[in-house]
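In: Would you be able to build a 3D model of this:
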Amino acid sequence: MRNKIVQIILLSVPGITIITAQTDYDCFIGEETGNVNYYERQNSGAASTSFSAVTGGSNPLNGEDVGMHSSLEFVDIDGDGDQDCFIGGHDGLTYYYKNTGSSSSPTFVEWDGNAGSADPNPFYGVDVGIKAAPAFVDIDGDGDYDCFIGENDGNINYYKNTGNSTSPTFTLTTGSDDDPFDDVDVGTKSTPVFVDIDGDGDYDCFIGEYNGSIKYYRNTGNSSSATFTVQTGGDNPFNGVDDGSWSKPAFVNIDGDAVLNTVSISGTSGFRMMSSPVSGTIYSDLLAELWIQGMTGGDVTSGDANVWTYSVAGQSWSALSNLSTASLTAGAGFLVYVYADTDNDGDDDLAVTLSVNGTANNSSATVGSIADGGWALIGNLYVATIDWDDVSKTNLATSAYVYDNAKSGGAGYISWNGSAGSLSNGLIAPFQGFWVQASGGTGSITIDVADKSTTAGTFYKTMNDSTGSMSFAISSGEDYEDNTFVSFMTNGEAGMDNADAYKLLPMTASERVVGISYAEGNGLDISNLPYVHEGSIAIPLDVMYLTVDADYNFVTNENDVTMTWDISSLPGHVSLTLTDNATGTAVNLTEESEIIFSTEAKGSFPAYGSGGVNIYPQVGESRFTLTVAYSTLTSNDEPANVPGTFALRPAYPNPFNPSTTISFDIPDATDRNTSLYIYDITGKLVETLINKVLPSGSHAVTWDPKNLSAGLYIVQLKASNKTFNQKLTFLK
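Out: Residues are numbered from 1 along each chain as shown. Down below sits the predicted model:
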């Protein structure tokens, strides 16, 4: 299989060939005549690189005339797992070539219609003047690509995606409050490109211009609210670079040396669960900027060790003894206690940037043999963010847990169960370690390159929209806050189920406010409930204000707190009532938006546990009862119960034996033929489950592959010019 094409940029100007590609990808180069030449990389993953020209029908853009002075950008704009092509023209227009092939065998077809046509170009009618240069990036952290278009006058035009990751709608956004480049003008012929150059988890911007220099605008905001500040002199890594005329920067780890493998450690002293995109004996290199003690190869051999790994077999921590010889397996996580004083000179030195050299991981990794109920510390093994919902899981609970030392209200865990949680959309950053738990048997997890959120993860997020959810936000003044969640899925239970997420004790105890629900005596961060149920379900819900005593116990205290709730994603047939067990007051959550009350003092409990992962206990009677009442779903339900978008929901169970249920949503049945196909891993169609017009609503199909062998299969939903894919694992 040839390498996939990802975000390749070129300018069809004589003498200028500029590439942006991810590791092991190929190259397109434009000509002044408007032709596009295709070059395949010949020595994938090697430190030296050579490319071979591919001509004729093997060139997916063979025969396409993109015009002179054009700028190409490749991006999976429709979330189907392959790269589409946008061409910024000399005439100021942006042309769209949809990939109707696949990620490894692309076929580009120009779509030039308006929004209501069968072949819509999302930039139909958009004209920036002369020399359009598009660049795509998720600048607001909402899971879809936004677009910035450079142009001849040197400005950057911001088109926010007000649609989603599979059906984009680009809206021109202006003004200093909404456009991060509102006052930026680089002179002439601006050509932006985005990359997290400083490893702080958000995208920075480099802008080429007519005179050949490269401007650096560092994102001093964050991944969801960008603020770009120009960096000059020695703060610009391209200071003094002159490419002659009309520069366009591009970033790629083309030699496999992991030059972009950096991460910023900021904040205060505390624990960090980490991983590395380079495996092997990397600890001394990666952690060189931190204070390391208690082991050979650290800053000192004295003192308590502050780097640990977690044994899946023993369910226990083990400190490293030699930083220089210890080896990290791809896909494993590890724990570091970060001292803010990184050189032991008496003052704080954070933030620091950690980096690691070596060949970046570019294959899958499996961690297995996790005993039922046991925990494993996994790590993102790639330079790119991964999507937890895409990761292959066998006998695992559906929740992932990340430790956030900078969590508002005190260091602690954030979680995601595939539907709800404070780990935003289940996206796990590079260098991040996370917990998983086996459930229902011996567990294993496989992380694959397709799980990167910049590829398949982008479209899967839309398919994995929650069936329903709601959340509580608890705050005590300006100092402490917390969240707790309720999700609604077809696999939900009134008691414990596989999608419940525990409320985990922090690694370091500190004063805080905690919101928590309970099921069967277990403290939960996310309580997963059935989507359809007869009658109602009562959930114990507690809010505690905690301090820490001299014996390292959490002590419950009286304190004024405010609790609000978000029910915007609550299913239309579900109603919620919150009853204060201390006063007897009941509140309909659809009629009120917040309550203010005082927490209760009701004793203490240890702020620690005996294992690597420890759960908040149930302390006395919960302050509240959340009553979840269900109405009957019928064909005459109000429109609120009709899905708003097409969606393919996670099959359950998956992996499966002997059968699995595939659920999907159809919002509009008018002249909408719906097909549901099953393909094997080679791409061969093995079964057609549905191929007809379906009524609007939520649908479910049970697939029982009696005559097929065990293995990986793909379910594909096609409806209304949209295509969704999902991996299924059949076990025997």
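In: buried residues in the helix or strand containing residue 678?
Out: In this structure, residue 678 sits in strand 673-680 according to DSSP states H and E. Judged by neighbour count (16 or more other CB atoms under 10 Å), strand 673-680 contains these buried residues: 674, 676-680. Every residue, glycine included, has its C-beta placed from N, CA and C.
In: Could you do stretch 57-64 as well?
Out: Quick answer for stretch 57-64 (16+ other CB under 10 Å): 59-61, 64.
In: and whichever helix or strand comes after the strand holding residue 678, what other elements does it pack with?
Out: Next along the chain after strand 673-680, taking DSSP H and E as the criterion, comes strand 685-693. Applying 3 or more CB pairs under 8 Å, 6 or more residues apart in numbering; DSSP states H and E, one finds that strand 685-693 contacts strand 673-680, strand 697-703.
In: which stretch in these has the least confidence?
Out: Note on the helices and strands packed on strand 685-693: lowest mean pLDDT is at strand 697-703, with a mean of 75.
In: Okay, angle between that one and strand 685-693 too, please.
Out: Here strand 697-703 points in a direction 150 degrees away from that of strand 685-693 (axes from the mean of the first three to the mean of the last three CA atoms, to 10 degrees).
In: Output strand 697-703 as PDB, restricted to C-alpha atoms.
Out: Backbone C-alpha positions of strand 697-703 (Å, rounded to 0.1, in the frame of the first residue of the first chain) are rendered in PDB as follows:
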ATOM      1  CA  GLY A 697     -35.600   8.700  13.200                       C
ATOM      2  CA  SER A 698     -33.100   6.500  15.000                       C
ATOM      3  CA  HIS A 699     -32.600   3.000  13.500                       C
ATOM      4  CA  ALA A 700     -30.900  -0.100  14.700                       C
ATOM      5  CA  VAL A 701     -29.800  -3.200  12.800                       C
ATOM      6  CA  THR A 702     -28.400  -6.400  14.300                       C
ATOM      7  CA  TRP A 703     -25.600  -8.000  12.300                       C
END
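In: For the helix or strand that it is followed by, name the packing helices and strands.
Out: Using DSSP H and E, the helix or strand that follows strand 697-703 in sequence is strand 711-719. With contacts taken as 3+ CB pairs under 8 Å, 6+ apart, strand 711-719 sits against strand 660-666, strand 673-680, strand 722-730.
In: Distance from the chain centre to the second one, please.
Out: Yep, that's strand 673-680 we're talking about. The chain centre lies 27 Å from the centre of strand 673-680; the measure is CA atoms, centre = their mean, to the nearest Å.
In: Mind listing the strands it pairs with, and their directions?
Out: strand 685-693 (antiparallel), strand 711-719 (antiparallel) (DSSP bridges).
In: So which of these is the most surrounded?
Out: Most buried of these, by mean neighbour count (mean count of other CB atoms under 10 Å): strand 711-719, with a mean of 19.
In: How about residues contacting that strand?
Out: 646, 648, 651, 662, 664, 666, 672-681, 686, 703, 705, 723-730 (CB atoms under 8 Å, 6 or more residues apart in numbering).
In: ok, residue 411 - contacts?
Out: Neighbours of residue 411 in contact, by CB under 8 Å, 6+ apart: 270-271, 403-405, 506-508, 510.
In: Among these, which ones are in strands?
Out: Mapping those onto strands (DSSP state E) picks out 270-271, 403-404.
In: who wins for most neighbours among those?
Out: residue 403 (24 neighbours; other CB atoms under 10 Å).
In: Looking at the helices and strands packed on strand 685-693, which is nearest to residue 575?
Out: strand 697-703 (19.0 Å; CB to CB).
In: what helices or strands is the closest one leaning on?
Out: By 3+ CB pairs under 8 Å, 6+ apart, strand 697-703 packs against strand 660-666, strand 685-693.
In: now the ones you listed as JSON lines including mean pLDDT?
Out: Output for those, formatted as JSON lines (pLDDT from 0 to 100):
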{"stretch": "strand 660-666", "mean pLDDT": "79"}
{"stretch": "strand 685-693", "mean pLDDT": "82"}
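In: Can you say which of those is nearest to residue 278?
Out: strand 660-666 (36.5 Å).
In: Using CSV, list the CA coordinates for that closest one.
Out: Taking Å, rounded to 0.1, in the frame of the first residue of the first chain, the C-alpha atoms of strand 660-666 are listed here in CSV:
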residue,chain,number,x,y,z
THR,A,660,-23.6,-6.6,17.2
THR,A,661,-26.2,-3.8,16.9
ILE,A,662,-25.5,-1.0,14.5
SER,A,663,-27.4,2.2,15.2
PHE,A,664,-27.8,5.3,13.1
ASP,A,665,-29.9,8.5,12.7
ILE,A,666,-31.8,9.7,9.7
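In: Quick check: closest non-adjacent residue to residue 593.
Out: residue 564 (6.1 Å; CB to CB, 6 or more residues apart in numbering).
In: That neighbour is in contact with residue 473, isn't it?
Out: Yes. Between residue 564 and residue 473 there is a contact at 5.0 Å, judged by CB atoms under 8 Å.
In: distance of the residue most central in space within the chain from residue 352?
Out: Centroid check for the chain by CA atoms, centre = their mean gives residue 427 as the closest residue, at 2.4 Å. In this view, residue 427 and residue 352 are 24 Å apart by CB to CB, to the nearest Å.
In: ok so, going back, nearest to residue 158, of the buried residues of strand 673-680?
Out: residue 674 (35.9 Å).
In: roughly how far apart are the closest one and residue 549?
Out: 60 Å.
In: One more: residue 472?
Out: Distance from residue 472 to residue 549, by CB to CB: 27 Å.
In: Give me the more crowded residue out of the two.
Out: residue 472 (22 against 11).
In: beta partners of that one?
Out: Here residue 472, judged by DSSP bridges, has bridge partners residue 484, residue 565.
In: Check whether it really touches residue 513, as I assumed.
Out: No. With contact defined as CB under 8 Å, residue 472 does not count as touching residue 513 (11.5 Å).
In: Give me the residue ranges of the stretch 201-350 of the chain where confidence is low.
Out: For the stretch 201-350 of the chain, residues meeting the criterion pLDDT under 70 lie at 201, 243-245, 247, 251-261.
In: Nearest spatial neighbour of residue 281, chain-adjacent residues omitted?
Out: That would be residue 327: by CB to CB, 6+ apart, it lies 5.1 Å from residue 281.
In: quick one: contacts for that neighbour?
Out: Applying CB under 8 Å, 6+ apart, the residues contacting residue 327 are 279-281.
In: Near residue 696, how many residues? Count them for me, please.
Out: Residue 696: 15 neighbours (other CB under 10 Å).
In: my guess is it contacts residue 646, does it?
Out: No. Counting by CB under 8 Å, residue 696 stays clear of residue 646, with 10.3 Å between them.
In: and for these two, which residues touch both?
Out: With CB under 8 Å, 6+ apart, residue 696 and residue 646 have common neighbours 666-667.
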